[in-house]
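> give me coordinates for this.
(chains A and B)
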Amino acid sequence: MVDIAQHIARPEPPQRPERMIEVQAIGAVGDAARPLSIVERLLQYTLVRRLIVVVVLCVLWEAYARYLDNNLLFPTLTETVQALYDALVNGPLIERTVTSLQTLLMGYAAGLALAGIFTTLAVSTRVGTDFLSTLTAMFNPLPAIALLPLALLWFGLGAKSLVFVIIHSVLWAVALNTHSGFTSVSPTLRMAGQNCGLRGVSYVAFLLVPAAFPSILTGLKIGWAFAWRTLIAAELVFGVSSRSGGLGWFIFENRNQLEIPSVFAGLLTVIVIGLVVESVIFRSIENITIRRWGMQS
Amino acid sequence: MPGLETKADARAPLLAVEDVTLQYKTEHHLVTATWRVGFEVYEGERFVLLGPSGCGKSTLLKAVAGFMQPVEGEIRLSGKPIDRPGSDRMMVFQEFDQLLPWKTVLGNVMFPLLVNRRMPRTEAADHARALLAKVNLTRFENVHPHMLSGGMKQRVAIARALAMEPAVLLMDEPFAALDALTRRNMQEELRALWDDVGFTVLFVTHSIEEALLVGSRILVLSPHPGRVKAELNADHLGFSDIGTPAFETLHRRIHDLLFADKVETALATEIHNG
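Numbers count the residues shown, from 1 in each chain, chains lettered A, B, ... in the order given. Prediction:
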């Protein structure tokens, strides 16, 4: 075997003297940080960055609608805003929105309560876990709106049926996320909690829930979106028969009368409410919980 | 030393581990972690479980904490068998995520006091502050754990455990995930804290040096499954003894005890294969 080392010129590091240096006072080092400029500071805010995106989308909308010039198919932003203003001030839009939100909140709250009970049972017993997993696997893929005909048969026309389908759309998404959040709590944290004396319900409430809060919050967001979609869809299809219609009914009604700018105004309301809930309510919850706790960057 | 023996016998041991065999299930195997391990810990001792990985020392500590039950033998604390986790045996884990991320440093130290309704909230806060002062974290009491360094997190965990004034403090390689410089600092701080507060500690480590520095009595375990090899005194050794002949002799003795296994197992496999 040829000795490889012989063929490669090995670099010879020089012999160097040792160095001993007195550490200087920190003042001599100078400023290590500079303040950010106004633009840099503004761009730090998520809200500002998102507003820029919204503005760009609005400009694109207005430009394309003007180019198309057909307000039966695609009204301009200005027409839509005009229709929105009319519907808010003179029309039934506020009343319709309140009706929708009331039904929504009822269904959402009931869905969350049920999800809480289900997951607490699921973490306490093995049978509970199997029960929840099976139910979730069965019902999570089932679109809530598919249950509406049956709900109408059981609970009649009106808010009860809507609440039922909303519960269905919230429950499984929230339960699934909460449960997977519980199972991914680290063993060390679990043991630390038991070591501190937590047991039973207090173990779930004071350890599992806060430790799984990132997943729970994701579940709440998904549940909210599902509930909102289900409600609007249900109102679009069956809102006609309801005594006092919601936002979906508002959209449906205006389409029938070919008031397309009003249809867009209704859709815009749905979007704006969704945005506000997502970026104001859920974001503030995030800021005071998981961000402050360092569980999400 | 017969004199010492009689003195120890006069008192009842605080923690008695009697011929304990521990087993746990993995996906494919039933693993025996320790086999008929027995030892006694007296009040005020710094008892170290020392051994290579696989000697079941952490499992043994978990059994003392009440997270698992022995299949054979018994563990008794002040004469009472241990059957569940409890705050009379507060544990400090190796992992940094043992702190509750949603509570501040002060909230973490107060947490077990409040859960066990040991004292009212204001009193618990004062008690917790006193302990944070002892581990030099007063300035950080309102900070959440994710802002702290590893060493600071471990100091919070130690303060939280000591706040409960446990009968025995359990420490599962608490400094193993720290860098070498911080580790040495923490070992010294733990000794200083022991001099100051005077608790009983059961300490698990795989470092001979750490065992000598932290421990007053060292239980040497052999691996697969864990069995007792020796029980040695190290109370006479401290940080000023590093490098002295007494320190090096004991270090060498334990080293030989631990590595004798390797020769034996190597020989055994050789004979087996041959």
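> dump the residue contacts of the residue in the stretch 101-250 of chain B that chain A sits nearest to.
At 2.7 Å from chain A, B:His146 is the closest residue in the stretch 101-250 of chain B, using C-beta to the nearest C-beta. (Glycine included, C-beta is placed from N, CA and C.) Residues in contact with B:His146 (C-beta atoms under 8 Å, 6 or more residues apart in numbering or on different chains) are A:293-295, B:101.
> which of the residues you listed count as buried?
Neighbour counting with 16 or more other C-beta atoms under 10 Å in any protein chain shown marks A:293, A:295, B:101 as buried within the contacts of B:His146.
> so which one among the residues you listed has the lowest pLDDT?
Of all the buried ones among the contacts of B:His146, A:Met295 has the smallest pLDDT value, namely 82.
> three-state assignment of that one?
Secondary structure assignment for A:Met295 (DSSP: H, G, I helix; E, B strand; the rest coil): coil.
> burial count for residue 19?
Assuming you mean chain A. 5 (other C-beta atoms under 10 Å in any protein chain shown).
> look at chain B instead
Counted with other C-beta under 10 Å, B:Asp19 comes out at 13.
> leaving out sequence neighbours, find the closest residue to it.
B:Gly73 (4.0 Å; C-beta to C-beta, 6 or more residues apart in numbering or on different chains).
> how about the contacts made by the one you found?
B:Gly73 neighbours (C-beta under 8 Å, 6+ apart): B:17-21, B:36-38.
> just to revisit the earlier point, tell me how far the residue of the stretch 101-250 of chain B closest to chain A lies from B:Ile158.
Using C-beta to C-beta, to the nearest Å, we find B:His146 at a distance of 18 Å from B:Ile158.
> may I have stretch A:78-89 as CSV, with CA atoms only?
Output of stretch A:78-89 as CSV, limited to C-alpha atoms (Å, rounded to 0.1, in the frame of the first residue of the first chain):
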residue,chain,number,x,y,z
THR,A,78,-66.8,51.4,-6.1
GLU,A,79,-70.2,50.1,-7.1
THR,A,80,-69.9,47.3,-4.6
VAL,A,81,-68.9,49.7,-1.8
GLN,A,82,-71.8,51.9,-2.8
ALA,A,83,-74.2,49.0,-2.6
LEU,A,84,-72.7,47.9,0.7
TYR,A,85,-73.2,51.4,2.1
ASP,A,86,-76.8,51.5,0.9
ALA,A,87,-77.5,48.0,2.3
LEU,A,88,-75.9,49.0,5.7
VAL,A,89,-77.7,52.4,6.0
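> average pLDDT for it?
Rounded mean pLDDT across stretch A:78-89 is 91.
> which SSE is residue 132 in?
Unless you meant another one, I'm taking chain A. Here A:Leu132, judged by DSSP states H and E, is contained in helix A:126-139.
> ah, no, chain B please
helix B:121-134.
> who in the stretch 1-150 of chain A is up against chain B?
On the criterion C-beta under 8 Å from any C-beta of the partner chain, chain B has no neighbours in the stretch 1-150 of chain A.
> point out where the stretch 1-150 of chain A drops to low pLDDT.
Within the stretch 1-150 of chain A, the stretches with pLDDT under 70 are A:1-7, A:26-32.
> so which residue of it comes closest to chain B?
A:Arg126 (15.2 Å).
> how many residues are close by that residue?
9.
> go on, A:Ile94?
Residues near A:Ile94, counting by other C-beta under 10 Å: 12.
> dump the residue contacts of it.
A:Leu88.
> for it, give me phi and psi.
Per-residue torsions, A:Ile94: phi -60, psi -50 (degrees, to the nearest 10).
> what's the helix or strand for the residue nearest to the spatial centre of chain A?
Centroid check for chain A by C-alpha atoms, centre = their mean gives A:Lys221 as the closest residue, at 3.2 Å. According to DSSP H and E, A:Lys221 maps onto helix A:213-238.
> which helices and strands does that helix pack with?
Contacts defined by 3 or more C-beta pairs under 8 Å, 6 or more residues apart in numbering or on different chains; DSSP states H and E place helix A:213-238 against helix A:93-124, helix A:148-155, helix A:159-183, helix A:247-256, helix A:260-276.
> what about that helix, distance to the chain center?
9 Å (C-alpha atoms, centre = their mean, to the nearest Å).
> ditto for stretch A:286-294
15 Å.
> Serialize the contacts of B:His146 to JSON lines and add fields for distance to B:Gly226.
Shown next, in JSON lines, are those (distance: C-beta to C-beta, whole Å):
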{"residue": "A:Trp293", "distance to B:Gly226": "38"}
{"residue": "A:Gly294", "distance to B:Gly226": "37"}
{"residue": "A:Met295", "distance to B:Gly226": "36"}
{"residue": "B:Pro101", "distance to B:Gly226": "33"}
